[in-house]
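> Quick one, what's the 3D model for this:
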Amino acid sequence: MHVKVNYPDAVMQIREIKCSVKAGDIIGEKLENHIQELDDNITVKESRKSGIERRERILNIQPSSSSDLETRKIAVIARWCISTMYTERILQKRLQSMLGDGYNLEVNIQQKTVSVTLQLKHYKNRKVIWEMLEGIVPLDQIIDVIIIYNTYRAYKPFIYKELKAKTYDQLRTEVI
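Residues are numbered from 1 along each chain as shown. Model prediction:
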């Protein structure tokens, strides 16, 4: 699709014009090739090797050295299409099976947020919960995993001497 312009011979005799036309032709061909590659990589079925490699990086697929392009395309399609249906009920069931109790799930469809509030006893599980949510929740949703730390009210029944032995961090993060 690159347009090559035929200039009159008198114009092409000028060295600067000749150099700029030649440079423009080279850049135009490179641009054409990049546009064609992007066109070819729109769908997985017609993707070039570069498009498949990009999708494999996104999906964390490690292809074997002996696999050909068609096999790699099938692996990408299989991983791309295996997405768990995202509903609040499925999230509740997953969180219930992982944590039991001690969490609160809030899904706000208008603001596109998914927020999980965890009690302090689930502090060590926050990364696993985050990864599970990233796998299920669509990319246009904002994910929040919040930990509820100890507050002053939790320590109200204790006297100062009992709490003096602990550091502030211990008071904040230890389960009472």
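
> quick one: the residue positioned nearest the centre of the chain from residue 114, how far?
Taking Cα atoms, centre = their mean, the centroid of the chain lies closest to residue 139, which sits 6.9 Å from it. Counting by Cβ to Cβ, to the nearest Å, the gap from residue 139 to residue 114 is 12 Å. All C-beta atoms are positioned from the backbone trio N, CA, C, and that covers glycine.

> Also residue 97?
In terms of Cβ to Cβ, residue 97 sits 17 Å off from residue 114.

> same question, residue 98
With Cβ to Cβ as the criterion, residue 98 and residue 114 are 15 Å apart.

> Looking at the two, which one has more neighbours?
residue 114 (21 against 13; other Cβ atoms under 10 Å).

> Name the single longest helix found in the protein.
Counting by DSSP state H, the longest helix found in the chain is helix 15-40.

> Quick one: mean pLDDT over that helix.
Mean pLDDT, helix 15-40: 87.

> sec struct for residue 110, please.
coil (DSSP: H, G, I helix; E, B strand; the rest coil).

> Just give me the neighbour total for it.
For residue 110, the neighbour count with other Cβ under 10 Å is 5.

> Repeat that for residue 55.
Close neighbours of residue 55, defined as other Cβ under 10 Å, add up to 20.

> tell me which element it is part of?
helix 49-59 (DSSP states H and E).

> So which elements touch that helix?
Other elements packing on helix 49-59 under the criterion 3 or more Cβ pairs under 8 Å, 6 or more residues apart in numbering; DSSP states H and E are helix 15-40, helix 69-81.

> for these, which one sits closest to residue 93?
helix 69-81 (21.9 Å; Cβ to Cβ).

> what angle sits between the closest one and helix 49-59?
30 degrees (axes from the mean of the first three to the mean of the last three Cα atoms, to 10 degrees).

> buried ones in the helix holding residue 55?
The neighbour-count check on helix 49-59 (16 or more other Cβ atoms under 10 Å) flags 51-53, 55-56 as buried.

> Tell me the buried residues in the helix or strand of the chain with the lowest mean pLDDT?
Ranked by mean pLDDT, DSSP states H and E, the weakest helix or strand in the chain is helix 168-173, scoring a mean of 73. Neighbour counts over helix 168-173 (16+ other Cβ under 10 Å) mark residue 171 as buried.
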